[in-house]
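S.K.: structure here, sequence nowhere to be found:
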């Protein structure tokens, strides 16, 4: 069951309430049942299941945060590309802009087609 819930981090974490419902409704009953056992190993496994569940919740929240940040950065990059195009649109020669060694903008020559 733990692997099934771990797999849903990528699938359901875009809608955190859905993930929380799936995660908690699947893991907590098992953890409570194991915690109710008489042996020490049962109690230990119950605590570990609860820790695992909480860690999956933190993983899902961080996953959503990373997705939102990535989408924001892509939008910003699109804005930067539009800005550079507006600056370099009328130049008759090829333009390549590198920042920190990474090519962030490239336009071929409009007149001769050279790169």
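M.R.: Thanks, I have it. Everything numeric here is computed off the predicted structure, so don't read it as measured data. Numbers count the residues shown, from 1 in each chain.
S.K.: got a list of what the closest residue to residue 59 other than its chain neighbours touches?
M.R.: Leaving aside its chain neighbours, residue 59 sits nearest to residue 9 (5.5 Å; criterion: CB to CB, 6 or more residues apart in numbering). All C-beta spots, glycine's among them, are computed from the backbone N, C-alpha and C. Listed by CB atoms under 8 Å, 6 or more residues apart in numbering, the contact partners of residue 9 are 19, 56, 59-60, 63.
S.K.: closest to residue 5 among those residues?
M.R.: residue 56 (6.1 Å; CB to CB).
S.K.: between the contacts of residue 9, which is closest to residue 42?
M.R.: Using CB to CB, the contacts of residue 9 come closest to residue 42 at residue 56, 21.1 Å.
S.K.: what mean pLDDT does the host helix or strand of the closest one have?
M.R.: Using DSSP states H and E, residue 56 sits in helix 40-88. Helix 40-88 carries an average pLDDT of 85.
S.K.: now that helix, how far from the chain's geometric center?
M.R.: 4 Å (CA atoms, centre = their mean, to the nearest Å).
S.K.: helices and strands around it, which ones?
M.R.: helix 2-12, helix 16-35, strand 102-107 (3 or more CB pairs under 8 Å, 6 or more residues apart in numbering; DSSP states H and E).
S.K.: okay if I get those as a markdown table plus mean pLDDT and distance to residue 72?
M.R.: Putting these into a markdown table (pLDDT from 0 to 100; distance: least, CB to CB, whole Å) gives the following:
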| stretch | mean pLDDT | distance to residue 72 |
| --- | --- | --- |
| helix 2-12 | 73 | 19 |
| helix 16-35 | 87 | 18 |
| strand 102-107 | 66 | 17 |
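S.K.: pipe those into JSON lines and attach distance to residue 49 per row.
M.R.: Output for the helices and strands packed on helix 40-88, formatted as JSON lines (distance: least, CB to CB, whole Å):
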{"stretch": "helix 2-12", "distance to residue 49": "7"}
{"stretch": "helix 16-35", "distance to residue 49": "4"}
{"stretch": "strand 102-107", "distance to residue 49": "44"}
